[in-house]
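Asks: mind folding the following:
(chains A and B)
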Amino acid sequence: MERKVRVRFAPSPTGPLHIGGVRTALYNYLFAKKHGGDFILRIEDTDQNRYVQGAEEYIIEALKWSGIQPNEGVGFGDGPFAPYRQSDRMAIYRQYAEKLVATGHAYYAFESSEDLDLLRKKMEAEKSAFSYNSTTRNNLINSLTLASEEVDQRIHEGQDFVIRLLIPINEEVVVHDLIRGEVVVSSSELDDKVLFKSDGMPTYHLANVVDDFLMQITHVIRGEEWLPSAPIHVLLYKYLGWENVMPLFAHLPLLLKPDGNGKLSKRDGDRLGFPVFPLNWTDPATGEMSSGYREKNYIPAAFINMLALLGWHGSGDQEMFSLSELIDIFSLERVSKSGAKFDPEKTKWFNEQYLRHEPITKLANLLKPMVEKKYSYHLNDRRLSNDYLENVVKLLLERVQFEHEFIEKGDYLFESPTTLEEQIILKKWKPEYEVFFSQLVKNFKKTEFFSLTIIEQTIKETATLLQMKPGEIMQLLRVIISGVGMGVDLLGMLELLGKDEVENRIDNGLKMIMQINSAK
RNA sequence: GGUCCGUUCGUCUAUCGGUUAGGACACUAGAUUUUCAUUCUAGGAAGACGAGUUCGAUUCUCGUACGGACUACCA
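Replies: Predicted coordinates for the structure are as follows:
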């Protein structure tokens, strides 16, 4: 019988979710939706030492911001398999570890982690590596070497112990991977992994397999770093008697540094100046802040589109995909095998593309609070009107990549310049231009409508009257109005600012030019 | 060191044995824009290497090189 597709994203709350994690969540989500299945969020917090305050909330918020909605899970409502936080499921794991002991597939081991560290150091000195496996287990202190009475006694006395998986000798373990095909490993290469820790918590290996079974997970889609331990998991399914419902695996390629080689890390973001996290994160221990895509004003859909294409590609040349399009055409078979270097430049490009397709009114609404914050205008100032802001957006839309740039790159649309770009004035200004600009102000005053065509006509007529070429004075006019030599369409800017403002700015500009020239 | 995974333009990638090896980002040049940006056009730019299978390999197999992941009572 075909089982309903159920996948899970199972992060550990050890810090902020990094964009590689978001991508893993995304692929799980897309796969689930594509097949009409469920996507669940499970928090794997079996290591108490690595728990970081606020990390779980961060994961939930990051998924919400990205638009990746689990059907069930921590922070998203309980489903039939609650609870979804492993620390809340503690009671259920031990019985499975004990069951493995009972069936001869696991055993108790009494070495402390310090004992093992010592062994490792010793072996290292002899230029070899220690491994708890078929060659060493018979010389160590465990239920394989101890008499059963002694084992019982040690446990009864409350001695610390762990439960280890008894790896068979020379057995081929096959992992069926949807992306990589069959991966075959000899069991002799595997070590007797700890399944149940002395603190009463399961390790990842046990908890993950048990929960995936109990939560009826059909496909395990996770990062490539898990591939080496996948054979352990396959063995666990087998020994627990769940082989017939073992999920299919898909190990995703890693996200790599933009330059050089290696896994993308937090440090790369700091070093190269781009976020590696979806949201801002402040480390509770150090107070150090890492920037996030949300706070950098990335549009979630653009962020997701970019992530989707890092390691996956459709069959054609299409690159812009909405979430629902992605759901439509996503398939694990088209996930690439090799790691993908992260490209911050292309990420910006995606945002630019998405920004341009946003409705003008929406962008104007986003701009409004930014303007209110930066300038203390009266409530009824025309520069806060929808009409004015929409025109600002139209003037700047093709020159910005982020919404905050509307205000950064268009500051002269909100306030009169206090300085003029001197180099241009010194280079282009001629004394006779003063007459021109004074005349221009007079001619502007006579106009009834301050529209694009009338502005253009007035400038041309004034220039012709004074026997000047419009081309000579256009850039000077720009500098006088905006303070800088480059920017938005000049005539559009004049129209938006309005007649009074333009006249004032020319008057002020002429004064500043006199100062620049006298200081020369 | 061992095990496993990988390798097409600088980067992300298309190609499912036969292509002038395609697209996108970035870059360069030209046109448009009386500025800059946009837009448009053009350009440079790739199958790691060596064998084998085949009429024919980027594509299949093997080896080499290089890169990566893993190698905890962490996930």
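Asks: what sits up against stretch A:154-170?
Replies: Here stretch A:154-170 makes contact (CB atoms under 8 Å, 6 or more residues apart in numbering) with A:97-98, A:100-101, A:104-110, A:112, A:132-134, A:137, A:142, A:144, A:146, A:186-188, A:190-198, A:205, A:232, A:235-236, A:239. Using the backbone N, CA and C atoms, a C-beta is placed for each residue, glycine as well.
Asks: may I have that stretch as PDB, with CA atoms only?
Replies: What follows is stretch A:154-170, C-alpha atoms only, in PDB (Å, rounded to 0.1, in the frame of the first residue of the first chain):
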ATOM      1  CA  ARG A 154      26.700  -2.500  38.100                       C
ATOM      2  CA  ILE A 155      23.400  -1.200  36.700                       C
ATOM      3  CA  HIS A 156      21.600  -2.000  40.000                       C
ATOM      4  CA  GLU A 157      24.300   0.000  41.900                       C
ATOM      5  CA  GLY A 158      23.600   3.000  39.700                       C
ATOM      6  CA  GLN A 159      26.800   2.900  37.700                       C
ATOM      7  CA  ASP A 160      26.900   5.000  34.600                       C
ATOM      8  CA  PHE A 161      26.400   3.100  31.400                       C
ATOM      9  CA  VAL A 162      25.600   3.700  27.800                       C
ATOM     10  CA  ILE A 163      23.900   1.400  25.300                       C
ATOM     11  CA  ARG A 164      25.800   0.700  22.200                       C
ATOM     12  CA  LEU A 165      24.700  -0.700  18.900                       C
ATOM     13  CA  LEU A 166      26.400  -4.100  18.200                       C
ATOM     14  CA  ILE A 167      27.600  -3.700  14.600                       C
ATOM     15  CA  PRO A 168      27.800  -7.000  12.700                       C
ATOM     16  CA  ILE A 169      31.100  -8.100  11.100                       C
ATOM     17  CA  ASN A 170      31.500  -7.900   7.400                       C
END
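Asks: near RNA strand B at all, that stretch?
Replies: Yes. Stretch A:154-170 is in contact with RNA strand B by CB under 7 Å from any atom of the strand, via A:160, A:162.
Asks: and that stretch, how far from the chain's centre?
Replies: 41 Å (CA atoms, centre = their mean, to the nearest Å).
Asks: do stretch A:463-483 as well
Replies: Taking mean C-alpha positions (CA atoms, centre = their mean), stretch A:463-483 and its chain are 47 Å apart.
Asks: other residues contacting it?
Replies: A:412, A:417-421, A:424-425, A:428-429, A:432-433, A:435-437, A:439-440, A:459-460, A:484-487, A:490, A:493-494, A:497, A:502, A:505-506, A:509-510, A:513.
Asks: picking up where we left off before, the contacts of stretch A:154-170 in helices, which ones?
Replies: Among the contacts of stretch A:154-170, the ones falling in helices (DSSP state H) are A:97-98, A:100-101, A:205, A:232, A:235-236, A:239.
Asks: follow-up on the earlier one: can you turn the buried part of the contacts of stretch A:154-170 into a PyMOL selection?
Replies: Buried residues among the contacts of stretch A:154-170 (16 or more other CB atoms under 10 Å), as a PyMOL selection:
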select buried, chain A and resi 97+100+101+105+106+107+108+109+110+132+133+134+137+142+146+187+190+191+192+193+194+195+196+197+205+232+235+236+239
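Asks: so which of the contacts of stretch A:154-170 also contact RNA strand B?
Replies: With the criterion set as CB under 7 Å from any atom of the strand, the members of the contacts of stretch A:154-170 near RNA strand B are A:112, A:132, A:186, A:191, A:194, A:197-198.
Asks: that older thread, which among the contacts of stretch A:463-483 count as buried?
Replies: A:412, A:417, A:420-421, A:424-425, A:429, A:433, A:436-437, A:440, A:459, A:485, A:487, A:490, A:493-494, A:497, A:502, A:505-506, A:509-510, A:513.
Asks: among these, which are in reach of RNA strand B?
Replies: A:459, A:485, A:487, A:490.
Asks: show me the contacts for the second one.
Replies: If a contact means CB under 8 Å, 6+ apart, then A:G485 has A:421, A:424, A:475, A:478-479 as its contacts.
Asks: quick one: secondary structure of it?
Replies: coil (DSSP: H, G, I helix; E, B strand; the rest coil).
Asks: mind checking pLDDT for it?
Replies: A:G485 carries a pLDDT value of 92.
Asks: also the last one?
Replies: The pLDDT attached to A:L490 in the predicted structure is 96.
Asks: next: the first one.
Replies: Confidence at A:I459, expressed as pLDDT, is 95.
Asks: quick revisit: return the subset of the contacts of stretch A:463-483 lying in helices.
Replies: A:424-425, A:428, A:433, A:435-437, A:439-440, A:459-460, A:490, A:493-494, A:497, A:502, A:505-506, A:509-510, A:513.
Asks: ok, and what's touching stretch A:237-251?
Replies: A:3, A:27, A:96, A:99-100, A:103, A:105-106, A:165, A:175-180, A:209-210, A:212-213, A:216-224, A:226-227, A:230, A:234, A:332, A:335.
Asks: so which of those residues sit within helices?
Replies: Those of these lying in helices (DSSP H): A:27, A:96, A:99-100, A:209-210, A:212-213, A:230, A:234.
Asks: farthest-separated two in these?
Replies: Farthest pair in the ones in helices among the contacts of stretch A:237-251 (CB to CB) is A:Y27 and A:K99. Separation: 32.7 Å.
Asks: which of those two has more residues huddled nearby?
Replies: Set A:Y27 next to A:K99 and count neighbours by other CB atoms under 10 Å: A:Y27 wins out with 25 against 14.
Asks: ok, the more buried one - contacts?
Replies: Contacts of A:Y27 by CB under 8 Å, 6+ apart are A:221, A:250, A:252, A:312, A:330, A:332, A:335.
Asks: one more: A:G21?
Replies: With CB under 8 Å, 6+ apart, A:G21 has these contacts: A:9, A:11, A:59.
Asks: from those residues, which is closest to RNA strand B?
Replies: A:P11 (6.7 Å; CB to the nearest atom of the strand).
Asks: that closest one and A:E44 touch, don't they?
Replies: Yes. Using CB atoms under 8 Å, A:P11 is in contact with A:E44, at 6.8 Å.
Asks: who's more crowded, the two?
Replies: Per other CB under 10 Å, whichever of A:P11 and A:E44 has more neighbours is A:P11, with 24 against 19.
Asks: gap between the more buried one and A:T218?
Replies: Counting by CB to CB, to the nearest Å, the gap from A:P11 to A:T218 is 20 Å.
Asks: what do you get for A:V276?
Replies: 31 Å.
Asks: between these two, who's got more neighbours?
Replies: Taking other CB under 10 Å, A:V276 and A:T218 do not tie; A:V276 has more neighbours (25 against 21).
Asks: pLDDT of stretch A:137-156, averaged?
Replies: The average pLDDT for stretch A:137-156 rounds to 96.
Asks: go on, stretch A:111-118?
Replies: pLDDT averaged over stretch A:111-118 gives 95.
Asks: mind listing what's buried in it?
Replies: Applying 16+ other CB under 10 Å to stretch A:111-118 flags A:111, A:116 as buried.
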